[in-house]
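K.L.:
predicted model, plus sequence, below.
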Amino acid sequence: MNNFLIDLANHINYIAAIALFVIGLYTVLTHSNLLKKVIGINIMETSVFLFFVSIGFVNDGSSPIIDLGSLGKIYVNPVPSALILTGIVVAVSITAYSLSLIIRLYQAYGTMDLDEILAMRSEVNND
Amino acid sequence: MIKHIPILVQVSLLASAVLFPLLKKNKATKSKLLTVALLAVSAVFLLISLIDVQQNGAFDYNFGNYESFIGIQYSVNAFSTFMAFFVITLALIIMIFSTKDIDHEIPQGSISQYYTLVLILLFSMVGMIYTNDLFNMYVFMEILSLTSCAIISIKSKKENYLAALRYLVLNTIGSLSVLFGIALLYMVSGHLNMSMMSQSISMIWQLYPTNILIATGFMLTGFAIKAAVFPLHIWLPDAHSNAPTPSSALLSSLVVKIYVFAVYKLLFDVLGKDIVVALGIPTVITVFAASGMLFGSIFAIGQKDIKRMLAYSSVAQIGYIFLGLSLMTEAGLAAGLFHVVSHGLMKTALFLSAGSIIYYRNKRDIRDLDGIGIEMPVTMIVFAIAAMGMIGIPGTNGFMSKLYLSFAVLGAGQPLLLAVILLSSYLNAVYYLPIVISAFLKEPKSKNISMHIEVLPLPMLFSLVTIGFLCLLTGFYPTLVMNFITQAVNIFLS
């Protein structure tokens, strides 16, 4: 039991990432409010970024700046953090684009609720 | 110089895309002409690069001469050069068609923006074909998904916004799954370069089979959402049928195929055939591919809108490609890639001819198409050729890809799948043949129509005839394409 708890504490970053991923996916799939879907996507993105950054972490590692006095030190892997900077930029652009689409949908239908929009569309189709 | 062609083509696509918003007078006309000219030049250069690789062999292109473990790498080989050439050539044909058609589809003010988006889309597709780096592939994939949503929503109709938003949400879930998978693979291997990743995975995969299985699962799900493999196809019909015709053709015949290439790269370049078979992945793909082949066609039978029907038909055809892939044999992989090419040609022909009908007569409903073959003979002959190909009538490229696929299935010792292929072809006939028959043999509703060549704008007619000719050419001389594909498959399996 104790070992299990220690394992849990040691891998808390992975568990948190998976939990956030699932929470985000649940929000995207179950909420009919379009804005909440976008928030869900953002939560999923955050979880993946957390996961990616945390796999580069090394216990007791220092920041990866090489100077002559620091030979033999252990460094944190800088590559995942650098990659995630790109990932954040992508996430921002996706959020901006989806929000602009939601604004246009709101102007066209007068609602941000996906179920209501679909109901309006099926009424039009049945006429 | 020849070694720099892939990156030069990409840079020129990106630079022109940025240039279009800066144009002053006659924005729309200038951007149309520039796009077509640029694509024609790019196609010529990619052909030179293709011939060079055939003669002098494949090579890896390192950006800025960084070592491959730290920098980004393009692998320029028989597969990537051929597919890049195919993508740009097909895009050129679609863009020639779009120069006249697009005026009817989207607001006059956004035409120049449309070509900006298309060029960025092509930029990212070429990048995804060449890249040998997983994270680089992710970045290109995100550019591709944003621009492919944008070329749907540019039509500024209510339905387009909804279709684009739905596509975007599912696309993002797919991209995030892929990124998660990349993170898991990076955890195991410590590299992002595909060749180095494959080396370290082949050494240590027995230590972390669960990790690699979960990573592959995440990435395959992500790519499957984007490539519209059967149960994950729900975004496709809305997105492809509401989009402007040139966008539909681009999305259906090229964009979904790029994700197929990504799956090929993941399974064979990164993991390698032995590990994939040992993890039991092919069986899963077979099940989804076979069900997609049947259900996609069954859904298509019930459709009334012609573009929606074509969109559902794409779901079935993606099933063929993944079926070839899942056999894990040389013949199966080759059949899958051949169907990528032949379906690209056929779907372009179908979407462009459907677009011409909408342009000329403003008819979208299949039941209104009686006698349309007499009003628009050229369009409907091209439609008929491509529809024959979809069914698998000898002489068309669709027949050849079905033949290759059937031989591959028998070679892999799974005759049950042959029955699925035959049944799916039969279902294709059920929804394609009635259109062709009623177009040519039924009497049109208005009586006083004499048969003459329709007065479509010349660029549209030119694209239609070219694409119909290419469908027949690859049907009669499949070795033109197959020679390159056999080499590409050897790269994947070596």
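P.N.:
It's in.

K.L.:
which residues does stretch B:349-364 contact?
P.N.:
B:94, B:97, B:100-101, B:104, B:245-246, B:248-249, B:252-253, B:305-307, B:310, B:313, B:369, B:372, B:375-376, B:379-380, B:382-383, B:385-387, B:390, B:454, B:456, B:460, B:463-464, B:467-468, B:471 (CB atoms under 8 Å, 6 or more residues apart in numbering or on different chains). C-beta coordinates here come from the backbone N, C-alpha and C atoms, glycine included.

K.L.:
ok, 7 Å please
P.N.:
Contact with stretch B:349-364 is made by B:97, B:101, B:104, B:245, B:248-249, B:252, B:305-307, B:310, B:369, B:372, B:376, B:379, B:382-383, B:385-387, B:454, B:456, B:460, B:463-464, B:467-468, B:471, as judged by CB atoms under 7 Å, 6 or more residues apart in numbering or on different chains.

K.L.:
now list the buried members of the residues you listed.
P.N.:
Among the contacts of stretch B:349-364, those buried by neighbour count (16 or more other CB atoms under 10 Å in any protein chain shown) are B:97, B:101, B:245, B:248-249, B:252, B:306-307, B:310, B:369, B:372, B:376, B:379, B:382-383, B:385-387, B:454, B:456, B:460, B:463-464, B:467-468, B:471.

K.L.:
next helix or strand past the helix or strand encompassing B:Val87?
P.N.:
Using DSSP states H and E, B:Val87 sits in helix B:78-105. Downstream of helix B:78-105, the next assigned helix or strand under DSSP H and E is helix B:111-130.

K.L.:
output the contacting helices and strands for that next one.
P.N.:
Packing contacts for helix B:111-130, counted by 3 or more CB pairs under 7 Å, 6 or more residues apart in numbering or on different chains; DSSP states H and E, involve helix B:5-19, helix B:27-56, strand B:73-76, helix B:78-105, helix B:134-153, helix B:256-264.

K.L.:
mind doing that once more with 6 Å?
P.N.:
The contact analysis (3 or more CB pairs under 6 Å, 6 or more residues apart in numbering or on different chains; DSSP states H and E) places helix B:111-130 against helix B:5-19, helix B:27-56, helix B:78-105, helix B:134-153.

K.L.:
which one of the ones you listed lies nearest to A:Lys73?
P.N.:
Comparing those against A:Lys73 with CB to CB, the closest turns out to be helix B:134-153 (26.4 Å).

K.L.:
what is the mean pLDDT for the closest one?
P.N.:
For helix B:134-153, mean pLDDT rounds to 93.

K.L.:
okay, the angle between that helix and helix B:5-19?
P.N.:
For helix B:134-153 against helix B:5-19, the angle by axes from the mean of the first three to the mean of the last three CA atoms, to 10 degrees is 40 degrees.

K.L.:
could you give the number of residues near A:Ile6?
P.N.:
A:Ile6 has 10 neighbours, counted by other CB atoms under 10 Å in any protein chain shown.

K.L.:
so it, which state does it fall into?
P.N.:
helix (DSSP: H, G, I helix; E, B strand; the rest coil).

K.L.:
separation between it and A:Leu50?
P.N.:
A:Ile6 sits 21 Å away from A:Leu50, going by CB to CB, to the nearest Å.

K.L.:
low-confidence regions, chain A specifically.
P.N.:
Along chain A, segments meeting pLDDT under 70 span A:68-72, A:125-127.

K.L.:
residues of it that sit close to chain B?
P.N.:
A:37, A:41, A:44, A:48, A:51-52, A:55, A:83, A:90, A:94, A:98, A:101, A:104-105, A:108 (CB under 6 Å from any CB of the partner chain).

K.L.:
between all of those residues, which two are separated the most?
P.N.:
Between any two of the residues of chain A next to chain B (CB to CB), the greatest distance is 43.2 Å, for A:Ile55 and A:Ala108.

K.L.:
show me what the helix holding B:Val87 is packed up against.
P.N.:
Short answer (3+ CB pairs under 6 Å, 6+ apart): helix B:78-105 packs on helix B:27-56, helix B:111-130, helix B:245-250, helix B:330-361, helix B:458-476, helix B:479-493.

K.L.:
what number of residues lie near A:Gly40?
P.N.:
For A:Gly40, using other CB under 10 Å, the count is 22.

K.L.:
my read: it touches A:Ile23, true?
P.N.:
No. Using CB atoms under 6 Å, A:Gly40 makes no contact with A:Ile23, being 8.0 Å away.

K.L.:
B:Met380 touches B:Ala439, doesn't it?
P.N.:
Yes. Applying CB under 6 Å, one finds B:Met380 in contact with B:Ala439, separated by 4.9 Å.

K.L.:
which neighbours do those two share?
P.N.:
B:Gly373 (CB atoms under 6 Å, 6 or more residues apart in numbering or on different chains).

K.L.:
neighbours of the closest residue in space to B:Gln317 that isn't next to it in sequence, how many?
P.N.:
Once flanking residues are discounted, B:Gln317 sits nearest to B:His343: 4.7 Å by CB to CB, 6 or more residues apart in numbering or on different chains. For B:His343, the count of nearby residues is 27 (other CB under 10 Å).

K.L.:
helix or strand for B:Ser424, which one?
P.N.:
Applying DSSP H and E, one finds B:Ser424 within helix B:415-441.

K.L.:
part of a helix, is A:Ser100?
P.N.:
Yes. A:Ser100: assigned to a helix according to three-state DSSP.

K.L.:
burial count for it?
P.N.:
13.

K.L.:
what do you get for B:Lys32?
P.N.:
If we define neighbours as other CB under 10 Å, then B:Lys32 has 23 of them.

K.L.:
do the same with the one 3 residues further on
P.N.:
The criterion is other CB under 10 Å. On that basis, B:Thr35 has 27 neighbouring residues.

K.L.:
residue contacts, it?
P.N.:
B:Met95, B:Tyr115.
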